[in-house]
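# I would like to see how this sequence folds:
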Amino acid sequence: MRGNMGEKSVQKRKFILETARKVFVEKGFKKVTMKDIVDACEISRGGLYLYFENTSQIFREVMKLESEEADDVFSDSITEDATAADILVLFLQEQKKELLRKKDTLTQAVYEYYFENQVARKDNILKKQFDSAVKIIERLIETGVDNGEFYCEDCAGTARNIMFVLEGLKISAQTIHITSETVDQEILYILRSLGVEVEE
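Model prediction:
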């Protein structure tokens with residue numbers, strides 16, 4: 001919506017997105033119609049169109065909101081005296097929780113959305129999240145190398161590889177139902193490849 005939104009409009013928009021998220025979690029992306037969202041929000045069709053033009057626009061906003069909330073949770077979990085290794089382990093544990101979540105997840109809807117739509121690179125929220133995570137992990141590894149916590153000759157390549165492993169695990173969790181132990185093994189492998197001593 002253009003222009004300045006009043007507090008009531010901001011709250012209404014947030015309510016629509018939170019409610020729409022539940023609909024997308026339940027039905028995926030492809031099956032959701034504007035009517036589904038109207039019914040779930042218990043508002044008029046015109047009331048919904050005042051804020052959003054179509055389900056794709058709503059879904060993109062839901063994904064943005066989800067990404068911001070995940071970033072906040074992660075940032076809030078980091079203590080002041082945390083080492084690079086502590087932060088990496090925390091990040092990997094958060095990723096594990098997320099990818100093993102069976103309920104209340106948008107994963108299926110996200111993949112449906114990207115298979116259905118040709119999204120320009122500059123508008124691709126998943127790509128932005130992926131690239132942003134790679135940059136954060138790369139800086140984290142560089143810091144760990146400088147502090148003597150990690151050994152790594154190619155921080156950027158390793159960071160990218162970690163994100164591809166996590167993305168693969170996310171798809172596997174949805175399709176072949178991997179176990180918590182499988183994810184732990186991959187996390188151990190990542191940490192050991194950086195020279196971190198980890199007990200099983």
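# which one is residue 24 nearest to, not counting chain neighbours?
What sits nearest to residue 24 in space, not counting adjacent residues and going by Cβ to Cβ, 6 or more residues apart in numbering, is residue 109, at 4.3 Å. Bear in mind the C-beta positions are built from the backbone N, C-alpha and C, glycine included.
# helix/strand/coil for that neighbour?
Following DSSP: H, G, I helix; E, B strand; the rest coil, we place residue 109 in the helix state.
# Residue 178 now?
At residue 178 the chain is in coil, as set by three-state DSSP.
# Residue 170 is in contact with that one, correct?
No. Using Cβ atoms under 8 Å, residue 178 is not in contact with residue 170; the gap is 9.8 Å.
# where's stretch 11-31 relative to the chain centroid, distance-wise?
Counting by Cα atoms, centre = their mean, to the nearest Å, stretch 11-31 is centred 16 Å from the centre of its parent chain.
# brain fart, stretch 165-182
Worked out by Cα atoms, centre = their mean, stretch 165-182 lies 15 Å from the chain centre.
# In it, which residues are buried?
Across stretch 165-182, burial judged by 16 or more other Cβ atoms under 10 Å covers 165, 166, 169, 170, 173, 178.
# Can you report how many residues lie near the residue nearest to residue 24?
If you count neighbours by other Cβ atoms under 10 Å, residue 109 ends up with 23.
# Then residue 189?
11.
# Dump the C-alpha coordinates for whichever strand or helix holds it into CSV.
If you go by DSSP states H and E, residue 189 is part of helix 180-193. C-alpha atoms of helix 180-193 as CSV (Å, rounded to 0.1, in the frame of the first residue of the first chain):
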residue,chain,number,x,y,z
SER,A,180,17.7,-35.6,13.9
GLU,A,181,20.8,-37.9,14.0
THR,A,182,21.4,-37.5,10.3
VAL,A,183,21.3,-33.7,10.7
ASP,A,184,23.7,-34.0,13.7
GLN,A,185,26.1,-36.0,11.6
GLU,A,186,26.2,-33.3,8.9
ILE,A,187,26.7,-30.6,11.5
LEU,A,188,29.6,-32.6,13.0
TYR,A,189,31.1,-33.0,9.6
ILE,A,190,30.8,-29.2,8.9
LEU,A,191,32.5,-28.4,12.3
ARG,A,192,35.2,-31.0,11.9
SER,A,193,36.0,-29.7,8.4
